[in-house]
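K.L.:
Prediction below, plus the sequence it came from.
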Amino acid sequence: MANYLPVTQDDQQKDDQRSNSREEMTPPDHSKYTCKNGIPARFVLAVIAFFGFVNVYALRVNLSVAIVSMTNLTENQQSNYSECPVGNTTSGKAHTGTFNWSSTEVGLILGAFFYGYICTQLIGGWLAVRLGGKRLLGYGVLWTSVLTLLSPLSTKGGFLALFAVRLLEGLGEGVTFPAMHAIWGKWAPQMERSKLVTFTYSGAHMGTVLSLPISGALADSNFLGGWPSIFYVFGCLGIIWFVFWMLLTASTPDQHPRISEEEKKYIKESIGQNKTFVTPWRSIFTSLPVWAICVAHCCYNWSFYMMLTSLPLYMKTILHFDISQNSQLSAIPYLFLWLLMIMSGILADFLRSRGYLSTTITRKIMNTAGMLIPAILMVTIKYVGCSQDGALTMVILAVSFSAFSQAGYNVNHLDIAPNFAGILMGISNTIATIPGFLAPYVVGVLTATEDVREGWQLVFYISAGINLFGAAVFAIFASGEEQEWANVDATANEKLLTSSDTEIEN
């Protein structure tokens, strides 16, 4: 493998000095880095992006609640299960769904989104680096919003038609995270990365917090026919956000019409000068820190997507909450996840900027806490029996503490290769999307038995084991240092690749 270095020793020394100065940087006075309206442009970007990811996840998880009202599945499961009787809870309004889909079919529909989502991750990162992330992210959300509006109509075509629409929605949303990572690669000063990135992506969990109870209320109402209104409301909100995103944001500081020269200079000095890069694919795919991110991301997503897509079914079939209670209580874990995610980003940047811990150690500690604690809690769910309060508490804590991983693996792309952060996110999120369609399918298969509660416990055991594996791999192989191959311009790369190929031939 070629060992990439800058063209001249002088350039290397300058880069080293800049890197050292970044590590010793104390938190800057943000008040002087403002745009023309008095608010730092990168903070405006973060807020609008936050609401963007609120929409991204609202569009993604609305089906998790709607499916409970759409099908008769939950009623069938309850009739085959008596260990935790329905009388254990306050009975709610009965719901008789239109569709008689099996638990396996429901699992396939819930996972259909991710079959499309996995296809556009890598190309999304690649396009974001070359075309800019603003338009890519904006049009990705717009595409998904329009298809969401068409979802009720698609159900008239049956199981396969809805499956196809959800798959196409996934194609649109697949570019969102890589595009946003590419944007922050150009916008986020080094000592603000954790805060900006975790705040932006915490919008995803706020989207879950808001969409679950709103979806439950809409499904329980007569507004626009009940459950179809879920798709109409969130589809329209996504289109409205798209308009604001296109008017108020830019892919890079240089393209922003309202940023101050002081803030632009501060960002450039922290990140480094822009160069023309050629993607070092061989170095990326042979990098252990990159694979550590991929493994941790995939393992985290198994538990996360399992809960995200199937938690309303667990609340209905095991804890016997009605649809209104179900959606409200299903949102509680993601409210705490949202709060802890923001706190974890602030804590991580505090530890790094004050010199208490290196970036590498900070990332490993955060990731380990975010995967180990939930693993322990998921195993303990079995021991609370049929206690609603006990089971709900374990689920809330398991989801909440996973937030610390977001200041671990999820920011790490920007640490090791800020110039290729979008591509790295595309790679890791491609692999990490596999649990998106596999986890709900496994849940459907394991719970398609008479002993549904035992099937759910097996689901939690599997998730706990996967979490432990991901935590171990990241703790051993991850790095917080920018990699040598990540900061080489196109001319240097071309010369060094030619030199390396010549040496190999000799």
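P.N.:
Nice, thanks for sending it over. Source: prediction; values computed, not measured.
K.L.:
ok, now which ones touch Ser145?
P.N.:
Residues in contact with Ser145 (C-beta atoms under 8 Å, 6 or more residues apart in numbering) are 55, 59, 234-239, 242. Using the backbone N, CA and C atoms, a C-beta is placed for each residue, glycine as well.
K.L.:
where are the low-confidence patches of this structure?
P.N.:
Regions of the chain meeting the criterion pLDDT under 70 cover residues 1-37, 73-97, 225, 272-277, 309, 312, 321-327, 385, 488-506.
K.L.:
sec struct for Gly38, please.
P.N.:
Under the three-state scheme (DSSP: H, G, I helix; E, B strand; the rest coil), Gly38 adopts coil.
K.L.:
That one: neighbouring residues, count only.
P.N.:
Residue neighbour count, defined by other C-beta atoms under 10 Å, stands at 8 for Gly38.
K.L.:
likewise Ala486?
P.N.:
21.
K.L.:
in the stretch 401-506 of the chain, which spans are helices?
P.N.:
The residue ranges that make up the helices of the stretch 401-506 of the chain, judged by DSSP state H, counting those that start in this stretch, are 409-416, 421-432, 434-446, 452-477, 490-505.
K.L.:
Save those as a markdown table, and put in mean neighbour count and distance to Ile109 too.
P.N.:
Rendered in a markdown table, the data for these read as follows (neighbours: other C-beta atoms under 10 Å; distance: least, C-beta to C-beta, whole Å):
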| stretch | mean neighbour count | distance to Ile109 |
| --- | --- | --- |
| helix 409-416 | 28 | 27 |
| helix 421-432 | 27 | 21 |
| helix 434-446 | 22 | 9 |
| helix 452-477 | 20 | 18 |
| helix 490-505 | 13 | 45 |
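K.L.:
between those helices, which one is nearest to Leu168?
P.N.:
helix 434-446 (14.2 Å; C-beta to C-beta).
K.L.:
what angle do the closest one and helix 421-432 make?
P.N.:
Between the axis of helix 434-446 and that of helix 421-432 there is an angle of 20 degrees, by axes from the mean of the first three to the mean of the last three C-alpha atoms, to 10 degrees.
K.L.:
still on that earlier bit, quick check: PyMOL command selecting the buried ones in the contacts of Ser145.
P.N.:
When burial is assessed using 16 or more other C-beta atoms under 10 Å, the buried subset of the contacts of Ser145 is captured in PyMOL by this command:
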select buried, resi 55+59+234+235+237+238+242
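K.L.:
any idea how far Phe285 is from Gly355?
P.N.:
For Phe285, the distance to Gly355 (C-beta to C-beta, to the nearest Å) stands at 33 Å.
K.L.:
Can you point out the buried residues in stretch 365-378?
P.N.:
365-375, 377-378.
K.L.:
I misspoke; the intended subject was stretch 205-225.
P.N.:
Within stretch 205-225, the residues that qualify as buried by neighbour count (16+ other C-beta under 10 Å) are 205-220.
K.L.:
related to what we said a few turns ago, kindly reformat the helices of the stretch 401-506 of the chain as CSV containing distance to Glu261.
P.N.:
Shown next, in CSV, are those (distance: least, C-beta to C-beta, whole Å):
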stretch, distance to Glu261
helix 409-416, 24
helix 421-432, 25
helix 434-446, 43
helix 452-477, 40
helix 490-505, 28
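K.L.:
Now the terminal residues of stretch 267-285, how far apart.
P.N.:
With C-alpha to C-alpha, to the nearest Å as the measure, the ends of stretch 267-285 fall 29 Å from one another.
K.L.:
Was I right to think Ala369 contacts Phe401?
P.N.:
Yes. At 7.0 Å, Ala369 and Phe401 qualify as touching, with contact defined as C-beta atoms under 8 Å.
K.L.:
chain center to whichever strand or helix holds Gly216: distance?
P.N.:
Secondary structure from DSSP states H and E places Gly216 in helix 193-219. What separates the centre of helix 193-219 from the centre of its chain is 11 Å, taken as C-alpha atoms, centre = their mean, to the nearest Å.
K.L.:
Ok, stretch 408-424 next?
P.N.:
14 Å.
K.L.:
Stretch 184-200 too?
P.N.:
15 Å.
K.L.:
Pull the residues that contact the very next helix or strand once past the helix holding Gly216.
P.N.:
Remark: after helix 193-219, the chain's next helix or strand is helix 228-248, criterion DSSP H and E. The contact list for helix 228-248 (C-beta under 8 Å, 6+ apart) reads 44, 48, 51-52, 55, 58-59, 62, 65-66, 134-135, 137-139, 141-142, 144-149, 151-152, 211, 214-215, 218-219, 221, 223-224.
K.L.:
Which ones among the residues you listed map onto helices?
P.N.:
Members of the contacts of helix 228-248 lying in helices (criterion: DSSP state H): 44, 48, 51-52, 55, 58-59, 62, 65-66, 134-135, 137-139, 141-142, 144-149, 151-152, 211, 214-215, 218-219.
K.L.:
Whichever of those residues end up buried, select them in PyMOL.
P.N.:
Selecting the buried subset of the ones in helices among the contacts of helix 228-248 in PyMOL, with 16+ other C-beta under 10 Å as the burial test, is done by:
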select buried, resi 44+48+51+52+55+58+59+62+65+66+134+137+138+139+141+142+144+145+146+147+148+149+151+152+211+214+215+218+219
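K.L.:
residues in contact with Lys289?
P.N.:
In this structure residue 289 is Pro, not Lys. 412, 416, 477-479, 483.
K.L.:
Let's see that with 10 Å instead.
P.N.:
With C-beta atoms under 10 Å, 6 or more residues apart in numbering as the criterion, the residues that contact Pro289 are 360, 363, 412-413, 415-417, 424, 474, 477-481, 483.
K.L.:
ditto for Cys294
P.N.:
Cys294 makes contact with 409, 424, 427-432, 470, 473-474 under the criterion C-beta under 10 Å, 6+ apart.
K.L.:
same thing but 7 Å
P.N.:
Applying C-beta atoms under 7 Å, 6 or more residues apart in numbering to Cys294 gives the contacts 427-428, 431.
K.L.:
Equivalent analysis for Ala292, please.
P.N.:
For Ala292, the residues meeting the contact criterion (C-beta under 7 Å, 6+ apart) are 473-474, 477-478.
K.L.:
Looking at those, which is nearest Leu340?
P.N.:
Phe474 (18.6 Å).
K.L.:
which non-adjacent residue is nearest that closest one?
P.N.:
Beyond its immediate neighbours in the sequence, the residue positioned closest to Phe474 (C-beta to C-beta, 6 or more residues apart in numbering) is Ala296, lying 4.0 Å away.
K.L.:
which SS state does the one you found fall under?
P.N.:
Assignment for Ala296 (three-state DSSP): helix.
K.L.:
so who does it touch?
P.N.:
With the criterion set at C-beta under 7 Å, 6+ apart, Ala296 makes contact with 367, 409, 470, 473-474.
K.L.:
Which of the residues you listed sits closest to Tyr201?
P.N.:
Of all the contacts of Ala296, the one with the least separation from Tyr201 (C-beta to C-beta) is Tyr409, at 12.0 Å.
K.L.:
burial measure for the residue lying closest to Gly444 once chain neighbours are set aside, as a count.
P.N.:
The shortest distance from Gly444 to any residue that is not its chain neighbour, by C-beta to C-beta, 6+ apart, is 2.6 Å, and that residue is Gly107. Each residue near Gly107 was counted by other C-beta under 10 Å, and the total is 27.
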